[in-house]
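Trainee: Okay, sequence plus prediction incoming.
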Amino acid sequence: MRNVPDSGPNEDRRSAEWFDRRDLDGFLHRSWLKSTGVTDHAFRGRPVIGICNCWSELVNCNVHLRGLAESVKRGVLQAGAFPLEFPVLSLGESLMKPTTMLYRNLMAMDVEESIRAYPLDGVVLLTGCDKTNPASIMGAASADIPAIVVTGGPMLNGRWRGREIGSCSDCWHYYEELRAGRITEADWVEIENGMSRSNGHCMTMGTASTMACVTEALGLTLPGGAAIPAVDARRHHLAESAGRQIVELVEAGTKPSDILTREALENAIRVLHAISGSTNAILHLMAYAGRVGVELPLQLFDELCASTPWLVDLKPAGRFLMEDFFYAGGVPAVMAQIEDLLHLDAITVSGRTVRENIAGAEILDPEVIRTSEDPLDVGGALVVLRGSLCPDGAVMKITAADPRLLAHEGRAVVFEDIHDLAARVDDPELVCDASSVMVLRNAGPIGAPGMPEWGHLPIPSKLLREGVSDLLRISDARMSGTSYGAVVLHVAPESAVGGPLALVRDGDLIRLDVSERRLDLVVDEAELAARRASWEPPSRKDVRGFRRLHLDHVLQANEGCDFDFLRGKAAVVRDAVTYL
């Protein structure tokens, strides 16, 4: 442990404004802290490090984060600083209704205001289930004090009858098998019991895994950490190292705004394509950019797609799972393969550049991570579509779709909302065939509200029984990063605010051409004008509380669904607040 003085002012630290004052306020701050059992030597003259923890028993992905917090504390103490753990809102997609995305911005506000209000010189962000990661980063980016992320890690691979299965890509697959009558209820229960068998987030390349990888690509977490399984002791080693490293960041004055540059965001987009990551990452990266005042248009994701190879063979687009990805070399191995496409001089929380972080990284299993000379595809995973049905854009994960549907024309089968979908999708009288285009509306940021993961519309059971395995599906919703299929998402503007999706009727011809990046509603403009004139917005679902705030201020998907009043830089101000 370094020799840190046990008292005396240090005006370069925020915490000095609380603890080094010689007036009544300083007396009260120190006295109340001492009531917890610590002495002057524990905190006087030392950096105060917050451990921002979204641990909760309500969120299975985050339930192990208390243990990780202890490892972080150990590292902080080793570096001569004083750790203080604090809770924030915890978001878990598996149990939270209607969606964690509705509360991402609320958690971000919780993180930001906790950092602003307390005597913290730096903060370690412990994240787990998918929206806890972007929410924590958004809040820390806005507060802009030194910060480092420790993700919770993926579960161990699921197992069923000798097969490796992954949450929740195989949920969707085997549920379709159940609905089609190809597996039994007893099989279904066995799969349920064998799929999620340890602490950690989904072990497919779903949103949680994607955001962990993207966080590493951004340089906000220590290299090599994204893929370590949650129950592997090396995740605790990583947490301890992060506890030591945050003290170095405080001493160097390195803040999120120093790391979240345009170059770092472009690196993250490149890695997103190379790993065939979740479409949700597009929303979160745009929200990060908005928080730090960096321009990151939706179109950039498409521009970087064509020149970024798809290298990682993980479900839902591929065969393997995150545990395999870790053993194969993880994110550093991927970044080393595309280093000619990266901004290698970007700085990271390790104190080193991207170039230094990935030096010597190797692929240890070429079945899981392909070389840039032998990619799964020469282009990336995610495309941005434009056209009369999505004038402000829509996104599609083409690596997870049936290639035959990437150029397709079909007649619309329209569902007014998720309840209409649930009521009619398995109706034997539903008019649909293998060429149909399923359309769901009122599922966007305002219409749902919160843009839930409803975009992976279930294929009608009568088509499943006929052997149909994919359909073109379109909505203003999101889908789970664990989902797959020819699914067009994030249609903007959404139907609830009068976007063209609101005007689609059963039987309308819809044309998709991924090669041209087009999605069009093939209906005469005069007919559309008549429909537009008679359209009325849906009634609001919420009139109070946070949900009312959400409806009043949420931006559309093409702007990252942040709140309009939270964009732009607004770092903490060094104010001397007194009680008297």
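Mentor: Now that the structure is in, tell me what you want to look at. Residues are numbered from 1 along each chain as shown.

Trainee: CA only for contacts and neighbour counts going forward, please
Mentor: Will do.

Trainee: what's the distance between the helix or strand bottoming out on mean pLDDT in the chain and the middle of its chain?
Mentor: Per-element confidence for the chain was summarised using mean pLDDT, DSSP states H and E. The lowest value among helices and strands belongs to helix 169-179, with a mean of 85. The offset between the C-alpha centroid of helix 169-179 and the centroid of the whole chain comes to 24 Å, using CA atoms, centre = their mean, to the nearest Å.

Trainee: Check stretch 285-297 too.
Mentor: 14 Å.

Trainee: got the CA positions of that stretch in PDB?
Mentor: Output in PDB follows, covering the C-alpha atoms of stretch 285-297 (Å, rounded to 0.1, in the frame of the first residue of the first chain):
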ATOM      1  CA  LEU A 285     -24.100   4.100 -28.400                       C
ATOM      2  CA  MET A 286     -26.100   7.000 -29.800                       C
ATOM      3  CA  ALA A 287     -27.200   7.800 -26.300                       C
ATOM      4  CA  TYR A 288     -23.600   7.800 -25.000                       C
ATOM      5  CA  ALA A 289     -22.600  10.200 -27.900                       C
ATOM      6  CA  GLY A 290     -25.500  12.500 -27.100                       C
ATOM      7  CA  ARG A 291     -24.300  12.700 -23.400                       C
ATOM      8  CA  VAL A 292     -20.800  13.800 -24.300                       C
ATOM      9  CA  GLY A 293     -21.700  16.000 -27.200                       C
ATOM     10  CA  VAL A 294     -20.300  13.800 -30.000                       C
ATOM     11  CA  GLU A 295     -22.100  13.500 -33.300                       C
ATOM     12  CA  LEU A 296     -22.900   9.900 -34.000                       C
ATOM     13  CA  PRO A 297     -25.600   9.600 -36.800                       C
END
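
Trainee: which parts of it are buried?
Mentor: For stretch 285-297, a neighbour-count test (16 or more other CA atoms under 10 Å) marks Leu285, Met286, Ala287, Tyr288, Ala289, Gly290, Arg291, Val292, Gly293, Val294, Leu296 as buried.

Trainee: which non-adjacent residue is nearest the third one?
Mentor: Here the nearest residue to Ala287 in space, its sequence neighbours aside, is Gly560; by CA to CA, 6 or more residues apart in numbering that works out to 4.8 Å.

Trainee: which ones are touching that neighbour?
Mentor: Ile282, Leu283, His284, Leu285, Met286, Ala287 (CA atoms under 8 Å, 6 or more residues apart in numbering).

Trainee: would you turn these into TSV with pLDDT?
Mentor: Formatted as TSV, the entries for these read as follows, by pLDDT from 0 to 100:
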residue	pLDDT
Ile282	98
Leu283	98
His284	98
Leu285	98
Met286	98
Ala287	98
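
Trainee: Now intersect the residues you listed with the helices, please.
Mentor: By the criterion of DSSP state H, membership of the contacts of Gly560 in helices covers Ile282, Leu283, His284, Leu285, Met286, Ala287.

Trainee: Show me the shaky parts of the protein.
Mentor: Applying pLDDT under 70 to the predicted model, the residue ranges of the chain that meet it are 1-11, 571-580.

Trainee: cutoff 80 now
Mentor: Applying pLDDT under 80 to the chain flags the ranges 1-12, 172, 569-580.

Trainee: roughly how far is the lengthiest strand in it from the heart of the chain?
Mentor: Once the chain is assigned using DSSP state E, the strand that runs over the most residues is strand 407-415. On the basis of CA atoms, centre = their mean, strand 407-415 sits 29 Å off its chain's mean C-alpha point.

Trainee: and the lengthiest helix in the chain, which residues are buried?
Mentor: Longest helix in the chain by number of residues, with DSSP H as the criterion: helix 233-252. Of the residues in helix 233-252, those scored as buried under the neighbour-count criterion (16+ other CA under 10 Å) are 235-250.

Trainee: Just the closest of these to Arg473, please.
Mentor: Here the nearest of these to Arg473, counting by CA to CA, is Arg235; it sits at 38.5 Å.

Trainee: what sits against the closest one?
Mentor: Leu68, Gly152, Gly153, Gly225, Ile228, Pro229.

Trainee: go with 10 Å
Mentor: Leu68, Ser71, Val150, Thr151, Gly152, Gly153, Gly225, Ala226, Ala227, Ile228, Pro229, Ser241 (CA atoms under 10 Å, 6 or more residues apart in numbering).

Trainee: Check Asp417 too.
Mentor: Each residue near Asp417 by CA under 10 Å, 6+ apart is listed here: Val439, Leu440, Arg441, Asn442, Ala443, Gly447, Ala448, Trp454, Ser475.

Trainee: sorry, back to before: quick check: of the buried residues of helix 233-252, which lies closest to Ser278?
Mentor: Of all the buried residues of helix 233-252, the one with the least separation from Ser278 (CA to CA) is Arg235, at 23.0 Å.

Trainee: related to what we said a few turns ago, which one of the buried residues of helix 233-252 is nearest to Phe19?
Mentor: Closest approach to Phe19 among the buried residues of helix 233-252 (CA to CA): Val250, at 17.1 Å.

Trainee: was I right about that closest one contacting Val124?
Mentor: No - with contact defined as CA atoms under 10 Å, Val250 does not count as touching Val124 (11.3 Å).

Trainee: joint contacts of those two?
Mentor: Ile49, Pro146, Ala147.

Trainee: now these in JSON lines, with secondary structure, neighbour count and distance to Glu93?
Mentor: JSON lines is the format used below for the shared contacts of Val250 and Val124 (DSSP: H, G, I helix; E, B strand; the rest coil; neighbours: other CA atoms under 10 Å; distance: CA to CA, whole Å):
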{"residue": "Ile49", "secondary structure": "strand", "neighbour count": "28", "distance to Glu93": "29"}
{"residue": "Pro146", "secondary structure": "coil", "neighbour count": "27", "distance to Glu93": "28"}
{"residue": "Ala147", "secondary structure": "strand", "neighbour count": "29", "distance to Glu93": "25"}
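
Trainee: Reformat those as TSV; add distance to Ile275.
Mentor: Output for these, formatted as TSV (distance: CA to CA, whole Å):
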residue	distance to Ile275
Ile49	33
Pro146	28
Ala147	25
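
Trainee: Of those, which is the nearest to Met107?
Mentor: Each of the shared contacts of Val250 and Val124 was scored against Met107 by CA to CA, and Ala147 proved nearest at 16.5 Å.

Trainee: re earlier: which one of the contacts of Arg235 sits in the busiest neighbourhood?
Mentor: For the contacts of Arg235, the largest number of neighbours (other CA atoms under 10 Å) sits with Thr151, at 35 neighbours.
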